[in-house]
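Chemist: Build me a structure from this.
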Amino acid sequence: MSEPTSPATATDRAVRALADAVGESRPRVPGDGADPDIPVAATVVVLRDGDRGPEVLMIERPDRGSFAGAWVFPGGKVEPQDRLSDSEPEEAVARRAGVRETREESGLVLAAEDLWTVSCWDPPPGLPLRIRTWFFAARATTGDVVLSPDEAVGAEWIDPAVVLERHARGEVTLYPPTWVTLHTLAGQRDVRALLGMLRLAGFRRFETVARRGETGPLLLWQEDAEYEGDAAAGSSARHRLDLGALPWTYTRTD
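Modeler: This next block holds a predicted model:
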């Protein structure tokens, strides 16, 4: 990765955006997670075996536009050419977009049938900019990474745990879906084991609610007892990400 930026530069941008989300979001209503009027995007977790375990391809966005300066997986919005018919499921269209975006941004060519669906992230409702994003995972094919200069200013194959450590020190910008995905990927012995873990875990949908925690923004998902307001009677279940301080704290009780 590129030279570390200052903690204020690297982390404040993401946290400020999430703090704004708390103030602008509204309670979720049925249908928010499949709202046909919001843009859809795809991102691909491209994996390879490294000397010390699995590595993931991460690219650094330019310091402008959406996710400015953030480290992300290759991906982008669904385009008209990704859709074969109006009746095609959104997941299939997103998978095709993920293959196209990965090729355009990194030069790596993947087959749609080799992409494993990991998750779908729906941001807090009520925001002026919402993008529902499908996450896929795939083993890297042969070939060198060739970046699109308009889409990325840097790239690195890296251990997911190392990215999280750099974020904890305030050296890089990550957004919650990327952070949580890296957290899920960390600690596996090789790509085969990692993909096996993802298949065992199964597809997960993250329909996000933004709240104000004691120290800063707090994101909650459906399994959390406080997802719909006050804690459900007798339940202590948690599925949340606390962004109030570094390192971020992810809690999931199954």
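Chemist: List the residues that contact residue 28.
Modeler: 124, 125, 207, 209 (C-beta atoms under 8 Å, 6 or more residues apart in numbering). C-betas here are computed from N, CA, C, even on glycine.
Chemist: per-residue confidence at it?
Modeler: Here the pLDDT value assigned to residue 28 is 87.
Chemist: Backbone dihedrals for it, please?
Modeler: With angles defined as degrees, to the nearest 10, residue 28 sits at phi -70, psi 150.
Chemist: cool, and residue 33?
Modeler: Torsion angles, degrees, to the nearest 10, at residue 33: phi -70, psi -10.
Chemist: thought it was touching residue 205?
Modeler: Yes - with contact defined as C-beta atoms under 8 Å, residue 33 and residue 205 form a contacting pair (6.7 Å).
Chemist: Counting neighbours, go ahead and name the busier of these two.
Modeler: More crowded of residue 33 and residue 205, by other C-beta atoms under 10 Å: residue 33, with 16 against 12.
Chemist: Common neighbours of residue 33 and residue 205, please.
Modeler: 120, 122.
Chemist: Buried ones in stretch 130-150, by neighbour count?
Modeler: For stretch 130-150, a neighbour-count test (16 or more other C-beta atoms under 10 Å) marks 130-140, 145, 147 as buried.
Chemist: let me fix that: stretch 202-221
Modeler: 204, 206-211, 213, 217-221.
Chemist: from these, which ones fall inside strands?
Modeler: 204, 206, 207, 209, 210, 211, 217, 218, 219, 220 (DSSP state E).
Chemist: I'd like those residues written out as a markdown table, with pLDDT and distance to residue 171 added.
Modeler: Below are these laid out as a markdown table (pLDDT from 0 to 100; distance: C-beta to C-beta, whole Å):
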| residue | pLDDT | distance to residue 171 |
| --- | --- | --- |
| 204 | 97 | 28 |
| 206 | 97 | 25 |
| 207 | 96 | 30 |
| 209 | 92 | 29 |
| 210 | 90 | 25 |
| 211 | 89 | 27 |
| 217 | 88 | 20 |
| 218 | 91 | 23 |
| 219 | 93 | 22 |
| 220 | 94 | 27 |
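Chemist: Using JSON lines, please lay out the residues you listed together with distance to residue 55.
Modeler: Shown next, in JSON lines, are those (distance: C-beta to C-beta, whole Å):
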{"residue": "204", "distance to residue 55": "23"}
{"residue": "206", "distance to residue 55": "24"}
{"residue": "207", "distance to residue 55": "30"}
{"residue": "209", "distance to residue 55": "33"}
{"residue": "210", "distance to residue 55": "32"}
{"residue": "211", "distance to residue 55": "34"}
{"residue": "217", "distance to residue 55": "30"}
{"residue": "218", "distance to residue 55": "31"}
{"residue": "219", "distance to residue 55": "27"}
{"residue": "220", "distance to residue 55": "31"}
